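Undergrad: model this:
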Amino acid sequence: MRIAFAPIMMLAALQSAPAQAGEWAMIDSVETKGDRSIYFADYSDVALRTDVSLTGVPVPGKPPQQDDLPPAPFENTEVAFVEVMQVFESALKPRYSNYRVAADCARHRMQIVTVDSIFRDHRKEYSRQGTGWFDVPPDGWLSRVNTIACDRQAIVAATEKAARDKSYDPMVDLGLLPIGNFALSSPLEELTWSTFWTDATPPPLRQQSEEEIRAVKQRVDEMLVILRGQLDGYIAMGELALADQTGERDFMARIRPNFRGKTRLQQAIFGSMAGWTEAEVIKFWGRPAAVRQVGTTKAFDYESSYDTRQLIVQQLKTGNVEYEVGDFEYCALTLFMAPGGSKPGLRLVDFAISGDNCRRATLNQIGR
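TA: Down below sits the predicted model:
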């Protein structure tokens with residue numbers, strides 16, 4: 001990566017940069033004359049999303065989840081998205097391409113989700129297929145994108161130190177050279193030619209014919225119709241999702257006191273199970289020994305006992321003496337299930353437990 005050059009020109013460019021959204025930095029470059037390119041990334045706006053498909057996917061260095069335990073909801077499912085732009089010098093390549101890169105920080109891997117390219121004949125190419133997940137490269141532009149996405153503390157610390165020291169050195173140490181505040185791609189393209197490639201001339205853009213302009217306008221009108229339909233669908237989906245979230249939140253607020261009213265040990269064991277579905281309950285506890293209907297609630301009964309008691313008869317000259325040795329251990333666990341919230345079917349809303357043999361391994365077992 002060659003970024004430590006032309007400091008005076010860079011400062012001049014920064015002073016004239018428009019105050020728009022997005023703090024961009026140069027993160028890599030290809031220096032083959034005639035076929036040069038420069039990568040820029042927005043290091044100020046990292047979007048975080050939850051990817052439920054990552055639920056239960058192993059994380060390197062972390063012990064695997066026990067087979068009989070359901071994965072913790074949303075654990076290690078956060079994905080960070082970074083916007084990247086690559087400007088090209090060659091007339092045979094696009095003017096620039098925009099990449100949306102996703103980073104799975106927990107598993108040290110990433111993928112290019114989308115690529116949008118703008119050509120000099122006004123063509124636009126969009127790719128939504130993505131690359132699939134791959135390991136983070138040890139160096140290069142993708143490695144620095146991963147730093148932006150996953151090492152936010154280092155980025156923030158370097159940004160603050162650069163502001164205090166009035167020097168870009170802390171950012172350059174991370175492989176980033178700040179170049180300004182931009183919201184659109186075109187100013188970055190212009191900045192590239194006016195600052196980095198002053199020894200070359202941008203290839204000319206081909207003028208569009210009236211027929212091409214009409215075709216573009218027609219495509220835009222068609223896209224607007226599609227977008228309006230999608231917007232109506234998104235509004236309806238958003239209203240349903242909001243209703244689901246509100247219902248789930250109210251449901252959990254109603255049942256939480258049932259769990260908080262138990263002993264501290266019972267809270268530690270059962271607290272995270274509040275709201276479990278019937279499938280989750282059975283996967284963890286197994287099939288109940290009995291199911292009872294209690295009003296509008298179903299009761300799942302589990303029990304176990306272990307009897308080692310024996311009657312000992314000792315014969316003495318004065319007569320027989322009888323006494324008992326061993327123990328009788330018993331456990332009764334009842335899980336109360338009722339419908340509610342945004343998930344279908346029965347949910348765990350309360351529990352009752354008694355006895356001195358309440359171990360998950362021995363529930364529904366009778367030993368003697």
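
Undergrad: Residue 193 belongs to a helix?
TA: Yes: remark: residue 193 belongs to a helix, assigned using DSSP: H, G, I helix; E, B strand; the rest coil.

Undergrad: hang on, isn't it packed against residue 202?
TA: Yes: taking C-beta atoms under 8 Å as the definition, residue 193 is a contact partner of residue 202 at 5.3 Å. Using the backbone N, CA and C atoms, a C-beta is placed for each residue, glycine as well.

Undergrad: What about residue 116, how many residues nearby?
TA: 17 (other C-beta atoms under 10 Å).

Undergrad: Leaving out chain neighbours, which residue sits closest to it?
TA: Spatial nearest neighbour of residue 116, chain neighbours left out: residue 98 (4.5 Å); criterion: C-beta to C-beta, 6 or more residues apart in numbering.

Undergrad: Could you do residue 276 as well?
TA: Nearest to residue 276 is residue 348, by C-beta to C-beta, 6+ apart, at 4.3 Å.

Undergrad: Help me confirm that residue 305 is found in a helix?
TA: No: per three-state DSSP, residue 305 lies outside any helix segment and is strand.

Undergrad: thinking again about what came up before, what sits opposite the residue nearest to residue 116 in the beta ladder?
TA: residue 85, residue 116 (DSSP bridges).

Undergrad: and it, how far is that from residue 45?
TA: 14 Å (C-beta to C-beta, to the nearest Å).

Undergrad: any common contacting residues for the two?
TA: Residues touching both residue 98 and residue 45 (C-beta atoms under 8 Å, 6 or more residues apart in numbering) are residue 83.

Undergrad: Provide the secondary structure category for the closest residue to residue 76 other than its chain neighbours.
TA: Once flanking residues are discounted, residue 76 sits nearest to residue 106: 4.2 Å by C-beta to C-beta, 6+ apart. Using three-state DSSP, the structure places residue 106 in helix.

Undergrad: Surely residue 106 touches residue 79?
TA: No: applying C-beta under 8 Å, one finds residue 106 not in contact with residue 79, separated by 9.3 Å.

Undergrad: so where's the stretch 201-350 of the chain shaky on pLDDT?
TA: For the stretch 201-350 of the chain, the stretches with pLDDT under 70 are 216, 220, 223, 227, 230-232, 234-244, 323.

Undergrad: do the stretch 1-150 of the chain as well
TA: 1-21, 52, 55-56, 61-75.

Undergrad: contacting residues around the residue lying closest to residue 88 once chain neighbours are set aside?
TA: Closest residue in space to residue 88, ignoring its immediate chain neighbours: residue 37 at 5.0 Å, by C-beta to C-beta, 6+ apart. Applying C-beta under 8 Å, 6+ apart to residue 37 gives the contacts 29, 30, 86, 87, 88, 89, 93.

Undergrad: Now restrict those residues to buried residues only.
TA: For those, a burial check counting by 16 or more other C-beta atoms under 10 Å picks out 29, 86, 87, 88, 89, 93.
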